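> Quick one, structure for this:
(chains A, B, C and D, ligands or ions: 4)
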Amino acid sequence: DTLTVYTSQPNADAQRTVDAFMAANPGTDVEWVRDGTTKLMARLRAEIEAGSPQPDVLLIADTVTLEGMAQEGLLTAYQSPEAAAYDPALYSADGYYHSTKLITTGIVYNTGVETAPVSWADLKDAALKGQIAMPSPLYSGAALIHLATLTGDKDLGWDYYNQLASNDARAKGGNGGTFKAVAAGEKPYGMVVDFLAIRNKAQGSPVEFVFPEEGVSYVTEPVAILSTAKNLEAAQSFVDFVLSQQGQDLVLEMGYIPARNGMGVPEGFPAREDIKLMAFDPAVALQNAEANKAKFAEIFGAE
Amino acid sequence: MQSGIRFGGSRSEDRLLACVLLIAIAVTLTPVLRLFVEGITVGDQLSLGRITDVLSKPSTHSALRHSLFTAGLGTLVSLVIGGGFAFLVALTDLRGKGALVFCLMIPMMIPPQITALSWTQIMGPSSVLLRTLGMAPPLGAPQPLYSAGGIILLLGVQHTSIVFLTLRANLRAIPQDVVEAARISGVRGLRLWWQIVLPLCLPGLMAGIAITFVTALGNFGIPAMLGIPAGYSTLPTLIYQKLAGLGPAVLGEVAVLAMLIGAVAILGIVLQRICQARQVVHLVGAVSRPLEIPLGRLRLPVEVGLWLTVTAILVLPLLGLLATSLVPAYGVPLRPDTVTLASWQEALFRQPMTARAFQNSFLLSIGAAAVLMAICVPLAWLMDRHPTRLARLFDSLVDLPYALPGVVLAIAMILLLIKLPFTEATLYGTIWIIFLAYLARFLAVMFRPIQASLRQLDPAMNEAAQSVGATLFQRVRTIILPLSAPSAAAGAILVFLTAFNELTVSALLWSSGTETLGVVIFNLDDSGETVMASALAMSIVLVVVALMAAVQLSARRLPKGVVPWQT
Amino acid sequence: MADLSLSSVEKHFGGTPALRSITTRITDGEFVALLGPSGCGKSTLLRLLAGFETPTRGAISIGAQEVANAATGQSVPPEARNIGFVFQSYALWPHMTVWRNVSYPLEVRGLSKQARAEQTARALEATGLTGFEARMPSDLSGGQRQRVALARCLVSDPQAVLLDEPLANLDVALRAAMQEVFLDFHARTQATMIYVTHDQAEAMAMADRIAVMDQGQIAQFDTPQALYARPRSRFVAGFVGEGTVLPLDGVRQDKDGLVAQLNGASFAVAADTAQPDHICLRPENIVLAETGDLRCVVQRCTYLGGRYRLTLLGPHGEQLVAESRSAFKTGAQLGVSLRMPWAFKET
Amino acid sequence: MADLSLSSVEKHFGGTPALRSITTRITDGEFVALLGPSGCGKSTLLRLLAGFETPTRGAISIGAQEVANAATGQSVPPEARNIGFVFQSYALWPHMTVWRNVSYPLEVRGLSKQARAEQTARALEATGLTGFEARMPSDLSGGQRQRVALARCLVSDPQAVLLDEPLANLDVALRAAMQEVFLDFHARTQATMIYVTHDQAEAMAMADRIAVMDQGQIAQFDTPQALYARPRSRFVAGFVGEGTVLPLDGVRQDKDGLVAQLNGASFAVAADTAQPDHICLRPENIVLAETGDLRCVVQRCTYLGGRYRLTLLGPHGEQLVAESRSAFKTGAQLGVSLRMPWAFKET
Ligand SMILES: Nc1ncnc2c1ncn2[C@@H]1O[C@H](COP(=O)(O)OP(=O)(O)OP(=O)(O)O)[C@@H](O)[C@H]1O
Ligand SMILES: Nc1ncnc2c1ncn2[C@@H]1O[C@H](COP(=O)(O)OP(=O)(O)OP(=O)(O)O)[C@@H](O)[C@H]1O
Ligand SMILES: [Mg+2]
Ligand SMILES: [Mg+2]
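Residues are numbered from 1 along each chain as shown, chains lettered A, B, ... in the order given. Ligands and ions are numbered 1, 2, ... in the order given. So this is what the prediction gives:
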């Protein structure tokens, strides 16, 4: 009895998730593949094109991608009993996907700088001209969601991005590259996902992470079952497992903010109540995805 | 123009050619064909709509321009460095050749991403080196390598060994007396190189340039690390960007872009062929010793120059890599109190994947090199003797799988092999799909150098063996293979080194248990474990160096000229 | 059985003919020499027989088997013909030692290690190469390389052996020794041998028959004596044995035989036709005598070792070659009489 | 000025000596031939003179300039020596046409296009290669390649020309023609020429002096006549002109000259010492006569074209070589008398 999972969790995390699941469900073997969301999706697309998708379960970065797959009819709906303990904004009403954790995007800066920003608006400061890095929505799903969230905010909007552009912010590559640029001091300020900065800081990287006043955008590492799943039963128990109290404790241990209500936060994070999440709707984001990318490319002159 | 048709062949040769050619075509061209089908169908229907659509986008145009520009100039850089080294090392009385060659092989061994990483580390504001020199740019200063120039420089450095290895094998075949004849006619200095040595090694040089160009064209790691931050996209990064997009149309678009890269590569190869058409140079009865031209008073300055170059292109980035692997977290400056081997320990001994990956990569790359050599030696030789139309067509297309970005080839392999026709079996998820992908990808790398050297082979060598009754198999084994051994070894070494830390193909093809080293490094880096990634990359370099040393020990039992760093 | 027969064989290289319509037959066990000026097609003929080239027209048979036929395009590959070949360019394998170069043919035939060692050692000894076993070809002198090529050819026992100028780089003594080796080999194996050489003395001394080639054709194919004494064309007469060919003014039948007229002088000639129109003058037909019929001037006198060769200019501008034991000054006047030269009718 | 002088030159290849202590001098404008058995070091000597190899010991000067000195390690590179070289292996540039191969040395010297074209055409014509200008070396016959190498060497005017078996692959007629080309070239340019050959007739005919080499040493360096008529060692006597060397039983001074005893027969000998101990028998010293002093048996009779060479076995097992106009059967009995052979004292 095997279950195949594709996940974009970091290696060690993926291993722990799988181990814990197998311990809880003896008799089910889990085959898993870990890779960046882009590569995983490319692989999955090729498998679908060739008529033989391999995974039963996806556990990948963002809801927008899954929303797209749901609309194409590639996912199976499953109303998990655990969903009751979650904010309805965090799962698809039809049960196509359920969020498992909150990965927020905030501001990171190199401790070698003089002024510490506290809000998104601070990055518009002309003093920071040429010193900001952020991931590009053309390459990163999280960055696309971040873009959709910030431009959907009535105070920030596209104006904010226009101003960042005129402040020579560099919006290239993914989160990893952005973080390195900040840590290396090449661009001392950046927008980046929380755990990268917080974990590395704990190990001594010269960086500081800020949850801006306006709130943070977030991706949720949702879990979903493919419509072609060969082992539906095990897939459903996997979904239940990651959403369960036990699964969410694991998330917490790994250093992420669990999506389930009433959980704590990992070390180095402010209290859950103090983290302000900005509003976000995956369906709208999916609908605007191409337009957003095009507009972004135009503003930032990316080719 | 000489047609290249020589008689005295036999039916067994025709049969063998057909057989080997079929294998080679099945291995290399079917994935490409499958991809082509993907590009020209929408749904189940033939349509050119997607092609015109993708080709008319300005982003495609600029990426194409950038690709041509960086690959072209990058090749030039490799040519200057690698070619210069090859000439000096193979033909002159330099001292310490072995060490020089040894060092020159190393850039090939470092995955391109890592090369780019280490260079950005030593050139950026947090560079330990620049900081100690007091030359570090201020925080926020632009990284000079994030530019077209940076890409060109690093592509050039990365592929130096390719030009070097292919050319060196060829230079060794130049008979001494031909050059002596020129010297006694009063030819001196550059003229000797330009008018005698260069034309004689042209096949090797051209082969080197062609492979380098194609490699540079398909390189993803360097433009990804340096180009994406600069907003400078090449075709491979554009493909990556497309893959990051959403929706079912992605694969088709990617296929079209991949075909575009393929077209450029073929164009390059055809161009090379046209330039070379008249240049069938058989080294008539070459039994003489290889050359050793005295450099005279220039020797010391040349040696110093070469070693400085080696330091710049090898030692500095390696030091950067080493420094990164020794700190507890990325960005922590390297000081006596921060040095730790923790990540080495973690990467090498805690992660169970690492040992597996070493084993997989080792077997895959050795296996690919061996199988490819077995295919390419007879193939190149037979194709030279019987240039049938099919053989010529194949000759212009071999480079395709190598030119395509690895991701694309991987997609093609998945499309092709996930369901084997007529069976329930699948290769997908096994190590064999990676192996087949490697065969497809690296055939050109093995084939071109061998082809270049066999073109020069005096046909009488084979005829003499025929006249004593040696069968085809015996001739290939005892005459053709040893005579092309230096080039075949160059090819095998190139294949081994590139496959050993190959990333982009295996990235989509691995599954648990079949990880390769490249995948492990990438995953570590991608999960933010840059320090561990550096440690692993560094340990790969050490392992390969150890392997090279082992080869060196057995060098005396191998045919002459096979071990490149053995002079 | 290694009868070699060629019928109407032609060979063109990209349009230019190298061989034109050669029809001939070499019987089993014969020792044939090929003589001819440089570029006349000797090597090409050998390469056709060995199977390295295919004829543009015509057919070649070895024994009863047709090995090449331009009409059907069929061709037996060289390795299946069991023919030995010594290349003009030696074609030694640069990656093998002398020993391995020589023993390779035996290795190919699958001989036992001991048999191989014995035969190789014998071949090396016959060619005077003992002691050089471990050398690489690049470390040998020119003549040594040539001898390795010989040893390699002789080590096995092919049914026919084709030799392309096998002794060109050897000194007289070694040549003589090698000639003996060939003759012994021939006597022992009874292999058909075709021997290209530019050295007429060598051809005359060794061959049963000599084929003289000219511009891709066989001009005459005869025994050495016949070729020397009774050439049938101006080309052969001039090419073999430094003959001078002169056109006759006329002949008449005398009671003792044929008498020819040339520039006013009359002399007896040997001929096998009634109406010859040329004579062939060899050094031995020219007797230096004060009372000679022709007054000649010495043009050049070269030392040959023990004797001198005189190049003479006759009264009507004809050039004659004579030999003498003593030297003459350039410009000296001599009388010359002609003694029974060969007369023939140019075809 | 191209006096070439060597003093105590030695050359070792990885321990084995190829040349041993050669001291000699070749004066400006001289035409010297090098004769010697295969592997005796002829090519090595030329390569040292050209500068392709450096001597292991000793020094070499060209004119007043010391071009190589093993003691100081200093050596003038080949391109600065202005020496022409014809390689035993031809060493044509395979990527250049025949025309370019020949004109390249002129191009290097920076001649005008027209001068180049003229001289190249002349050199090609002299070597009989007109019409082959556009061919690549790989499309030529062996002899044609050799002629390209000759043309290439002769096209410019070096101060010295070194030729390594330049005519080995050519037929008699072409050889003769090429020999004229060399002599003309020599007469015209007065370049010093050193000519390696295995053909003694060629060496005798062309050279002012001949150096006979043996095992890396010069055995005798003399004019052709002297070498033939007055060899100074058994090696030279045997090597040059197919001489048979026999030890004498004794000599005595007669009123007409020296008389030698050999196996009971007495005959007059030529000598320049009072106590010679060997004689050298050439074919012309052996007269076939029924009344001859020595009774011999014919061992072998080979046709040489117009004459036969007889290998004779003397009464005491000595082998003699004689010539005759008529053939003899193997085993026939002959009388032989010796006519004034050269007698020398072996050193
Ligand atoms: N590179 C080398 N290494 C070792 N021995 C060599 C090398 N080159 C030549 N020899 C040896 O030196 C000796 C002299 O060689 P060289 O080529 O001068 O002979 P040669 O007189 O030209 O003979 P040939 O008439 O056969 O060409 C030979 O015995 C040869 O084997
Ligand atoms: N591959 C080729 N392409 C064109 N012409 C060729 C080729 N090979 C030989 N020839 C020509 O064919 C003719 C005959 O060549 P071949 O080699 O048979 O001459 P050969 O009688 O052996 O002369 P040699 O005594 O000089 O070796 C020559 O004129 C030569 O130039
Ligand atoms: Mg020939
Ligand atoms: Mg020699």
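> drop to CA atoms for contacts and neighbour counts, all remaining ones
OK.
> quick one: low-confidence parts of the chain?
Answering for chain A, as no chain was given. Applying pLDDT under 70 to chain A flags residues A:301-303.
> sorry, should have said chain C
C:1.
> since we're on A:A165, how many residues are nearby?
A:A165 has 20 neighbours, counted by other C-alpha atoms under 10 Å in any protein chain shown.
> How far does stretch A:51-67 sit from its chain's centre?
The chain centroid and the centroid of stretch A:51-67 are separated by 14 Å under C-alpha atoms, centre = their mean, to the nearest Å.
> For it, which outside residues touch it?
Stretch A:51-67 has contacts (C-alpha atoms under 8 Å, 6 or more residues apart in numbering or on different chains) with A:3-9, A:37, A:44, A:47, A:96-97, A:99, A:141-142, A:145, A:219-226, A:228-232, A:235, A:282-283, A:285-286, B:246, B:418-419.
> Whichever residue of the stretch 151-300 of chain C sits closest to ligand 4: what's it in contact with?
Nearest to ligand 4 in the stretch 151-300 of chain C, going by C-alpha to the ion, is C:N169, at a distance of 8.0 Å. C:N169 makes contacts with C:G142, C:G143, C:Q146, D:E165, D:A168, D:H198, as judged by C-alpha under 8 Å, 6+ apart.
> That one and chain A, how far apart?
To chain A, C:N169 is 69 Å away according to C-alpha to the nearest C-alpha, to the nearest Å.
> Secondary structure class of that residue, three-state.
Of the three states, C:N169 takes coil under DSSP: H, G, I helix; E, B strand; the rest coil.
> Could you list the low-confidence segments of the stretch 301-450 of chain B?
B:331, B:421-425.
> Show me the helices in it, by range?
All helices of the stretch 301-450 of chain B, identified by DSSP state H, counting those that start in this stretch, fall at B:316-325, B:342-345, B:352-385, B:389-397, B:400-403, B:406-417, B:431-455.
> got the contact list for the closest residue to ligand 4 within the stretch 101-250 of chain A?
Residue of the stretch 101-250 of chain A nearest ligand 4, by C-alpha to the ion: A:G177 (67.5 Å). Residues counted as contacts of A:G177 (C-alpha under 8 Å, 6+ apart) are A:P135.
> ok, it to ligand 1 distance?
From A:G177 across to ligand 1, the span is 59 Å (C-alpha to the nearest ligand atom, to the nearest Å).
> backbone phi and psi for the residue of chain C most remote from its centre, please?
For chain C, the largest distance from the centre (C-alpha atoms, centre = their mean) belongs to C:K255, which lies 38.5 Å off. Here is the backbone geometry of C:K255 (degrees, to the nearest 10): phi -70, psi -30.
> what about C:L162, is that helix, strand or coil?
Applying three-state DSSP: C:L162 is strand.
> where are the low-confidence patches of the stretch 1-150 of chain B?
Ranges of the stretch 1-150 of chain B meeting pLDDT under 70: B:1-11, B:42-44, B:109, B:124-142.
> One more pass at 50, please.
B:1-8 (pLDDT under 50).
> Kindly report the residues of the stretch 1-150 of chain C close to ligand 3.
C:S43 (C-alpha under 5 Å from the ion).
> And the helices in the stretch 1-150 of chain C, which stretches?
Remark: helices assigned in the stretch 1-150 of chain C by DSSP H, counting those that start in this stretch are C:42-50, C:98-108, C:113-126, C:142-154.
> Among these, which comes closest to ligand 1?
For ligand 1, the closest of the helices of the stretch 1-150 of chain C is helix C:142-154, at 3.0 Å, according to C-alpha to the nearest ligand atom.
> and the closest one, anywhere near ligand 1?
Yes - judged by C-alpha under 6 Å from any ligand atom, helix C:142-154 and ligand 1 are in contact via C:G142, C:G143, C:Q144.
> was I right about the last one contacting C:F132?
No - with the criterion set as C-alpha atoms under 8 Å, C:Q144 and C:F132 do not qualify as a contacting pair; they are 9.1 Å apart.
> Tell me which of the two has more neighbours.
C:Q144 (21 against 17).
> which residues touch the more buried one?
Contacts of C:Q144 by C-alpha under 8 Å, 6+ apart are C:L129, D:S38, D:G39.
> Can you sort out which of those also neighbour ligand 1?
Okay, of the contacts of C:Q144 touching ligand 1 (C-alpha under 6 Å from any ligand atom), that's D:S38, D:G39.
> Are any of the contacts of C:Q144 buried, and if so which?
Among the contacts of C:Q144, those scoring as buried are C:L129, D:S38, D:G39 (criterion: 16 or more other C-alpha atoms under 10 Å in any protein chain shown).
> From what I see, the last one and C:Q146 are in contact.
No - in this structure, D:G39 is not within contact of C:Q146 by C-alpha under 8 Å, at 11.3 Å.
> If you count residues, where's the longest helix of the chain?
Here I'm looking at chain A. helix A:282-300 (DSSP state H).
> switch to chain C, that's the one I care about
Ranking each helix of chain C by length (DSSP H) puts helix C:172-189 first.
> now the angle from that one to strand C:160-164?
160 degrees (axes from the mean of the first three to the mean of the last three C-alpha atoms, to 10 degrees).
> near chain D, anything from helix C:172-189?
Yes - applying C-alpha under 8 Å from any C-alpha of the partner chain, one finds helix C:172-189 touching chain D at C:V172, C:A173, C:L174.
> Spatially, and excluding backbone neighbours, which residue is closest to the last one.
Going back to what we said before, that points to C:L174. D:P37 (7.3 Å; C-alpha to C-alpha, 6 or more residues apart in numbering or on different chains).
> burial of that neighbour, as a residue count?
20.
> what does B:I228 give?
Using other C-alpha under 10 Å, B:I228 has 26 neighbouring residues.
> The one 4 residues further on too?
The local packing count at B:Y232 equals 23, with neighbours defined by other C-alpha under 10 Å.
> same check, this time on B:L553
Using other C-alpha under 10 Å, B:L553 is surrounded by 10 other residues.
> And the contacts of C:Q144, which is closest to chain A?
Proximity of those to chain A (C-alpha to the nearest C-alpha) peaks at C:L129, which lies at 66.7 Å.
> In helices only, show me the contacts of stretch A:51-67.
When the contacts of stretch A:51-67 are checked against helices (DSSP H), the matches are A:T37, A:L44, A:E47, A:G141, A:A142, A:I145, A:L232, A:A235, A:P282, A:A283, A:A285, A:L286.
> hmm, back to that, between the contacts of C:Q144, which is nearest D:R309?
D:S38 (24.2 Å; C-alpha to C-alpha).
> give the contact list for the closest one.
D:S38 neighbours (C-alpha under 8 Å, 6+ apart): C:S141, C:G142, C:G143, C:Q144, C:L170, C:D171, C:L174.
> Quick check: it vs A:Y96, distance?
Using C-alpha to C-alpha, to the nearest Å, D:S38 is found at 92 Å from A:Y96.
> What segments of the stretch 201-347 of chain C are helices?
Per DSSP H, counting those that start in this stretch, the stretch 201-347 of chain C carries helices over the ranges C:224-229, C:234-239.
> now for the ones you listed, which one comes closest to B:S59?
Nearest to B:S59, of all those, is helix C:234-239, at 77.3 Å by C-alpha to C-alpha.
> near chain D at all, the closest one?
Yes - judged by C-alpha under 8 Å from any C-alpha, helix C:234-239 and chain D are in contact via C:F239.
> Now do the domain split for chain C, please.
According to automatic domain parsing, chain C comprises the domains C:4-238, C:244-344.
> May I see those arranged in CSV, with distance to A:G173 as well?
Shown next, in CSV, are the domains of chain C (distance: least, C-alpha to C-alpha, whole Å):
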stretch, distance to A:G173
domain C:4-238, 53
domain C:244-344, 89
